[in-house]
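A.B. asks: quick one: sequence and predicted model below, then my questions.
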Amino acid sequence: MHPLWEIPEVVSELISLLPRADQARMAQVRTALWEIAIPHLWTFVPDIQYLFKLFPSDLWSKSEDPA
């Protein structure tokens, strides 16, 4: 791998310029890239539902409003 990818500041700047899908792909390439890309991915969560789905499925379920 090119030595450029070993400089966290440069990699972070490059990842910040990428679209969200490409940031996710970069996070899957190497552990070192994952550590840099994940904060960029979690700076914006489009829907709180994504956070709830991180919990085990038996802790949440879709239901109608009880009122």
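C.D. replies: Here it is on my side, so go on.

A.B. asks: can you tell me the centre-most residue of the chain?
C.D. replies: Centrality entry for the chain: nearest residue to the mean C-alpha point is Leu41, 3.4 Å, by C-alpha atoms, centre = their mean.

A.B. asks: does that one touch Ala27 like I think?
C.D. replies: Yes - contact criterion C-beta atoms under 8 Å: Leu41 and Ala27 qualify, at 6.5 Å. Every residue, glycine included, has its C-beta placed from N, CA and C.

A.B. asks: flag every buried residue along the lengthiest helix in the chain.
C.D. replies: If you go by DSSP state H, the chain has its longest helix at helix 31-41. Buried residues in helix 31-41, defined by neighbour count with 16 or more other C-beta atoms under 10 Å: Leu33, Ile36, Ala37, His40, Leu41.

A.B. asks: can I assume the first one is in contact with Gln23?
C.D. replies: No - with contacts counted by C-beta under 8 Å, Leu33 stays clear of Gln23, the gap being 9.8 Å.

A.B. asks: which neighbours do these two share?
C.D. replies: Ile15 (C-beta atoms under 8 Å, 6 or more residues apart in numbering).

A.B. asks: one step back: and the closest residue to the residue nearest to the centre of the chain other than its chain neighbours, what is it in contact with?
C.D. replies: Leaving aside its chain neighbours, Leu41 sits nearest to Gln23 (5.4 Å; criterion: C-beta to C-beta, 6 or more residues apart in numbering). Counting by C-beta under 8 Å, 6+ apart, Gln23 touches Ile15, Ala37, His40, Leu41.

A.B. asks: pipe those residues into TSV and attach pLDDT and distance to Asp47 per row.
C.D. replies: Listed next are the contacts of Gln23 as TSV, based on pLDDT from 0 to 100; distance: C-beta to C-beta, whole Å:
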residue	pLDDT	distance to Asp47
Ile15	93	22
Ala37	92	20
His40	90	18
Leu41	88	14
